[in-house]
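Engineer: test case, fold it:
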Amino acid sequence: MRLRLCPIAICFALSAINAQSPPPLPTWQDEIAKNFLPYHQLTTADFPIDDSAHPETSFWLGTFLHYYYHSLGKSTPGGVIYAYVTDWTIFSGLDKSQTSRRSTAGNIKDDLPYAQAILDLNEIYARQMAALPPGELPSGRGDNFAAAQADLDARVKAFYQERSKTFNTEKDAFVKETKRGQNKKKVRELAAAIKKRLDATPATPAPSRSPTVSPVPSTTTAPSAR
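Structural biologist: Residues are numbered from 1 along each chain as shown. From the prediction side, this is the model:
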């Protein structure tokens, strides 16, 4: 399972004459409407039976991390346009549409600590991303506003992908050390340590007010199975 990526930039230009206010960023209401649920403690109800979805596994867990941002474009006397990230918002949690179990999986309640630990890891990295101030995010440049925005989008995407490598490495190590959840003792040990880290990582609330616009993100996914 890699992070579900959803980059969206809502840009606006600023000149010495006037500034255009950007539209509101998406909110949790918009995410939930697309079956993306906020981080929570998993229950068996989060894993509906679907024998056709992933018949090769007992259950399938989908997590996601979506980032959205406003960007600000500034022109220089030399004609170069710079684009900067301003408002930065992260949504993360359970991808309900990508989470299921087989009818023959047995008592999936026994596997919840394993699945929860992976969701907890996802949440740790999401909170770390959400806490980043705009000044630590990449900027873009170009000969015009469109080029500067495209450069910014590419740099932010690369920045995210580089940071997500740490998550994927740790997730893969957890899966391997626990023998895909079969070693229950190791699951309990590692899951407790992950939960302790999560509790020590402050959450940054995402917008909850319904926006006047709702951008449609482009999304890629590769959820993890057990």
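Engineer: rest of the way, CA atoms for contacts and neighbours
Structural biologist: OK.
Engineer: the residue nearest in space to the middle of the chain in helix, strand or coil?
Structural biologist: By CA atoms, centre = their mean, the chain has its centre lying nearest to L65, at 0.8 Å. What DSSP: H, G, I helix; E, B strand; the rest coil gives for L65 is strand.
Engineer: the closest residue in space to it that isn't next to it in sequence: neighbouring residues, count only.
Structural biologist: Nearest residue to L65, sequence neighbours excluded (CA to CA, 6 or more residues apart in numbering): S92, at 4.4 Å. Look at S92: counted by other CA atoms under 10 Å, it has 27 neighbours.
Engineer: do I have it right that the residue nearest to the centre of the chain meets G93?
Structural biologist: Yes: between L65 and G93 there is a contact under CA atoms under 8 Å: 6.9 Å.
Engineer: overlap in contacts of these two?
Structural biologist: Shared contacts of L65 and G93, defined by CA atoms under 8 Å, 6 or more residues apart in numbering, comprise N122.
Engineer: now the longest helix along the chain: mean pLDDT?
Structural biologist: Longest helix of the chain, by residue count under DSSP state H: helix 145-177. Averaging pLDDT along helix 145-177 yields 93.
Engineer: could you give the mean pLDDT of stretch 180-196?
Structural biologist: Averaging pLDDT along stretch 180-196 yields 96.
Engineer: give me the low-pLDDT residue ranges for this structure?
Structural biologist: Applying pLDDT under 70 to the chain flags residues 1-22, 206-226.
Engineer: rerun at 50
Structural biologist: 1-20, 209-226 (pLDDT under 50).
Engineer: let me see the ranges of the helices in it.
Structural biologist: 28-33, 112-130, 145-177, 184-199.
Engineer: sheet partners, orientation included, of the lengthiest strand in the chain?
Structural biologist: Taking DSSP state E as the criterion, the chain has its longest strand at strand 81-95. Applying DSSP bridges, strand 81-95 is found paired with strand 36-38 (antiparallel), strand 63-75 (antiparallel), strand 140-142 (antiparallel).
Engineer: okay then, goodbye and thanks.
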